[in-house]
Each structure stands twice: as C-alpha cells, then as structure tokens.
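# Let me see the structure of the following:
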Amino acid sequence: MNNSPIKTALCSFGMSGVVFHAPFISVNPNFNLYGVLERTKNLAQEKYPTIKTFRTLETMLADENIELVVVNTPSVTHFDFAKQVINAGKNIIIEKPITATAKQAEELIKLAKEKNVMLSVYQNRRYDSDFLTVKNILDQGILGEIIEAEMHYDRFEPGLSYKVHKETPTAATGTLYDLGSHLIDQALVLFGLPNSVFADLDTFRLNSKVADYFDVKLIYDSHRVTLKSSYFVRESLPGNIFHGRNGSFIKSKADIQEKELQAEKKPGTTDWGMEPESENGLLHTEKDGRIIMEYIPTLKGDYMEYYDGIYGAIRNNKSVPVSGEDGKNVIKVIEAAIKSNKEKMVIQL
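Predicted coordinates for the structure are as follows:
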C-alpha cells in the first residue's frame, strides 16, 4: 500500500491558491505542496520556498512526480485545463463550477474514467460551520417534513471586481456560476435534484456586463427551496431559513474560515472554524409533544475534511468527496435557471 504524501500542484496562485488550497495542502502530512504554475511571478516560492515553479502547463504535467493537480484557474478555462490534466494521467480537483456546460462536465467525467484518474470538484462550502449545523438539524428530522427553505449568499459590493475575468461576459461567468454554485450544491446535498427550476436573473451594478443577482426556485414534490444572492445587501437576512411541518430553524451565514485564512491563520488550530456563540441558530419546533425554542450551538467548520477525503479517495479507494456527477448536477440546475430566466417559464429537469 502506498502511504506516501500526495505530490500536488496548483494551476495558479491567485486568491483561491493562496487562501483555499495551499494552506491546507502545506500543513496536511498526507500531501506535499510540490508545484505551482506561475507564468512570470514567483509568489508561491516566496511563501513556500521548497515549491517548484513551472512556467507552462505542459512542463508541469510532464513532471512524473506530480500525482494530483488543482485546476483553480478562471472558470471559463476549467474545461480546457482539466482535459489536459486528465489526459496527462493526473488525478484532478476542479474548482467550482466544474465547467460552463453539463455536456463539458460529462465529457470530463467520461475521460477521467477512461484514464483511471480521480476527479473531484472543490466545494468547500459543504464544510462551512453553518451548513454542517443546518444539515445536522435536518438529518435529525426535528423540523418534520420540510415545506420551505431559503438560502442566501448576499454581499454589499456595488462596485465591479478587480478580477477582470469575473466581469467579462464569457462562459461560466456571473454570480449564478460563482456564488450560485455553492448554494445549489448545498441544496442538492440536502434534497437532491429538483423536479423543475424557475429563476430570475438580473444585472444591477453600474456598468456590469454579467448577471449579479439571482432568485432561483427549486421545485420538489413536497417542498420548495429558494436560493438568492445580491450585491446590494448591506444588512443581511439569515442565510439559512428552514420551515418544516413541526417547526423552523433560522441560522446566519457566519462561517469564519475564509476570514481566518485571509488573516493567514493556519488550519488545524484547536479553535479553527468555531463561530462565536452570538451566531448560534434559533430552533423553534415541537419535540415529544412540547414546544421548544432554543439556540443551537454551531458545529465546527473545517475545509481540511475535503482534503482528508481526497487522500482517502486516492490512497484508499474511498468514495470521492464531491464527485464529477455532483459538479455536473450543479451545472444542470444553472443551465435550467438561465433558460428559465430567458423564457420566463418553469423548466423541467
């Protein structure tokens, strides 16, 4: 059995590489932060002196030491980059969204099977403290059958992003692909694929060329799920609102891991991913014939669980955390939402 650390390379060292990937790979003993693709700069080497810098994707993929490649480039490039990585026989993590279209995602899934490599989509928000707490409440069945759920990913950022690729109207851009990928994935984890989708997408920021607002309805047999995002929310509503036949659970979207990472706090500390008590969710339901209203302690968030799962999948043949199929299903919902907005009608999945 091969228990050696997995030599891993990043396809870029922008925000996602610096904040979401390198910190976890570098401190996890099951991984070796081996290489990075930087065409002109040496930012990764300044932070991680032992890392190997590659100037082209081709030279990086030619390095036989590399087992795992993280495609964390702009969304529009995911399909082309991923295809090259898989054809080189490397295991692959693709940042969300997996691709621009479900057809592209299906092609990558098929290719990964042919090449016998692991393919996973990076969906770190499955490991947010607030989402883990919501999932735990629902798994207990304490709310009874869910009737209605509402999940928000709101911000107050009326200006355009400094990241030009995020504001350029190409495939896989816009807030539905960006923030929507997280919310849709979370909804699918909780409830599976809906029967149909109805959506309203719009552009509200001055001079914006990409959609920056969405209100997506996922329609199931027994319940409805609303997913919303806006850049004009200075005072946010709770990010998680769940109503069942027995009661409700209301929880803020308050995971602190991104802030901790931006402050260069290293993952793995004892208080990692622990929200303040002030963000505890409100449970108001009926239990054993008694009405209860209490604040529920938030579970610990930990993005490292994703990478632990990747190690298990590669070294121990365990199930892949966030499979290619999971990523494709997110895109199917996004495509349905775009079609619904365009045709102003409910779209069957």
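# Which SSE is immediately downstream of the helix or strand of the chain with the lowest mean pLDDT?
In the chain, no helix or strand scores lower on mean pLDDT, DSSP states H and E than helix 164-167, which sits at a mean of 88. Downstream of helix 164-167, the first helix or strand assigned by DSSP states H and E is helix 175-178.
# outside of that following helix, which residues touch it?
75, 97, 100, 166, 201, 210-214, 216, 229, 231, 334, 337-338 (C-beta atoms under 8 Å, 6 or more residues apart in numbering). From N, CA and C alone the C-beta is placed, and that goes for glycine too.
# try 7 Å this time
Here helix 175-178 makes contact (C-beta atoms under 7 Å, 6 or more residues apart in numbering) with 75, 97, 166, 201, 211-214, 229, 334, 337.
# got CSV for those, with secondary structure and distance to residue 107 too?
Output for the contacts of helix 175-178, formatted as CSV (DSSP: H, G, I helix; E, B strand; the rest coil; distance: C-beta to C-beta, whole Å):
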residue, secondary structure, distance to residue 107
75, helix, 16
97, coil, 15
166, helix, 25
201, strand, 26
211, coil, 25
212, coil, 29
213, strand, 31
214, strand, 26
229, strand, 28
334, helix, 17
337, helix, 22
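# Closest to residue 136 out of those?
residue 229 (24.1 Å; C-beta to C-beta).
# Name the residues linked to that closest one by a beta bridge.
Under DSSP bridges, the beta-bridge partners of residue 229 are residue 214.
# you'd agree it is up against residue 215?
No. Assessed by C-beta atoms under 7 Å, residue 229 is found out of contact with residue 215, at 8.4 Å.
# Who has more neighbours out of these two?
The neighbour comparison of residue 229 against residue 215 (other C-beta atoms under 10 Å) goes to residue 229, with 23 against 16.
# Residue 164 versus the more buried one, what's the distance?
Residue 229 sits 21 Å away from residue 164, taking C-beta to C-beta, to the nearest Å as the criterion.
# Now do the helices for the stretch 51-200 of the chain: every range, in order, please.
In the stretch 51-200 of the chain, the helices defined using DSSP state H, counting those that start in this stretch lie at 57-61, 78-87, 102-115, 129-140, 164-167, 175-178, 180-191.
# List the buried residues of the last one.
What it means is helix 180-191. Residues of helix 180-191 classed as buried under the neighbour-count rule (16 or more other C-beta atoms under 10 Å) are 180-188, 190-191.
# Likewise for the fourth one?
Residues of helix 129-140 classed as buried by neighbour count (16+ other C-beta under 10 Å): 129-134, 137-138.
# what's the answer for the first one, then?
For helix 57-61, a neighbour-count test (16+ other C-beta under 10 Å) marks 57, 60-61 as buried.
# list the helices and strands that helix packs on?
Counting contacts by 3 or more C-beta pairs under 7 Å, 6 or more residues apart in numbering; DSSP states H and E, helix 57-61 packs against strand 31-37, helix 78-87.
# which outside residues touch that helix?
9, 35, 37, 54, 66, 81, 84-85, 88, 90.
# Quick check: beta-bridge partners of residue 249?
Where residue 249 sits in a bridge, its partners, by DSSP bridges, are residue 242, residue 283.
# Hmm, it is touching residue 281, no?
Yes. The pair residue 249 and residue 281 qualifies as a contact (C-beta under 7 Å) at a distance of 5.8 Å.
# give the contact list for the residue minimising distance to the centre of the chain.
By C-alpha atoms, centre = their mean, the mean C-alpha position of the chain lies nearest to residue 123, the distance being 2.8 Å. The contact partners of residue 123, taken as C-beta under 7 Å, 6+ apart, are 96, 185, 322.
# Of these, just say which sits nearest to residue 114.
The closest of those, once distances to residue 114 are taken by C-beta to C-beta, is residue 322, at 20.6 Å.
# Does that closest one touch residue 124 like I think?
No. Using C-beta under 7 Å, residue 322 makes no contact with residue 124, being 9.2 Å away.
# Could you check how far the residue of the chain most remote from its centre is from residue 248?
Ranked by distance from the centre of the chain (C-alpha atoms, centre = their mean), the top residue is residue 289, with 38.5 Å. Separation of residue 289 from residue 248 (C-beta to C-beta): 18 Å.
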